Structures are given as structure tokens and as C-alpha cells.
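Enquirer: Here is the input, now give the coordinates:
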Amino acid sequence: VLYPKRTRFRKYRKVRGEGCKTDGTQLGFGKYGPKSCEAGRLSYRTIEAARRAISRHLRRNGQAWVRVLADPPITSKPTEVRMGKGKGNPTGWMARVAIGQISFEMDSVSLSLAQEAARLAAHRLCVSTKFVQWS
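Expert: Next up is the predicted model:
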């Protein structure tokens, strides 16, 4: 669900060392959200699982936004294939997450409900996060 309809290239190079970014580190839409404490990669399935956890916990009481998009493709070769013979076919999508980047945002909910939703989403993400609120 959370991947691009089309891309410029079918396969991308793997980029290492995400480091710090300045964009996406402040709350832009909602009042609450989880902020990543480390750089890493999020699978499109991971993002969708966290989004579902947030939306199910909010139960139509508030609004939730997804701030990360899984746009570079993940490639892998089939099992039991010998080394060499080029790069594998695209099998999924992933998002690069930098230190301090906000992955989801919530609004129109109470603080305790937003904290619990962010905690449930953090269990599904593969990077450590902390809860932030707009001040």
C-alpha cells in the first residue's frame, strides 16, 4: 500500500550511513508522534503494520498521518541460485529513516491515547523511537 506507483529506475543502489537529516524532524500535521532515535531501514510491511496498530488503537477518534514513504526497491535473488549473474529482481520496498525523523503523526486525541498508540507502533518498527508532542 505505501509504495510508489512507478519509479524512474527498476533497481536502486544500496545507500549506507543515513545519518542526520533536517527535514522531517518537526511535527507538521499533528500534535503527537514517534521520533526515531537511530538511523535504519523500514520495510513497507513494517510501516503498514505500525499504521494499522495506530489506527486500530485510535478507533476513529483522531487523525493519523504517515510521514515515511517506502520508495527504494529491495532486491533479492531466488533461493538456491549460484553467486554472480547480476542483481536480483525487486521483491519489496523500504524507507530510509534518519536520526530524529518523525514517522507518524496523530491529532485530535488525548495524550494518553496517543502515547499508547505510539508505543504499539514502536513495537512493530525496527528502529528505536521516542514519543514527542508539539509544544
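Enquirer: residues near Tyr12, how many?
Expert: Using other CB atoms under 10 Å, Tyr12 is surrounded by 15 other residues. Glycine gets a C-beta too; all of them are placed from N, C-alpha and C.
Enquirer: now do Ser108
Expert: Counted with other CB under 10 Å, Ser108 comes out at 12.
Enquirer: count of neighbours near the nearest residue to it once chain neighbours are set aside?
Expert: Counting by CB to CB, 6 or more residues apart in numbering, Gly62 is the residue found nearest to Ser108 once chain neighbours are left out, at 4.1 Å. By the criterion of other CB under 10 Å, Gly62 has 20 neighbours.
Enquirer: Same check on Cys37?
Expert: 12.
Enquirer: Quick check: the gap between it and Lys21.
Expert: Counting by CB to CB, to the nearest Å, the gap from Cys37 to Lys21 is 14 Å.
Enquirer: Thr129 too?
Expert: From Thr129 to Lys21 the distance is 15 Å (CB to CB).
Enquirer: now do Val97
Expert: Shown here: Val97 relative to Lys21, a distance of 9 Å by CB to CB.
Enquirer: Tell me which of the two has more neighbours.
Expert: Remark: of Val97 and Lys21, Val97 carries more neighbours, 25 against 14, as counted by other CB under 10 Å.
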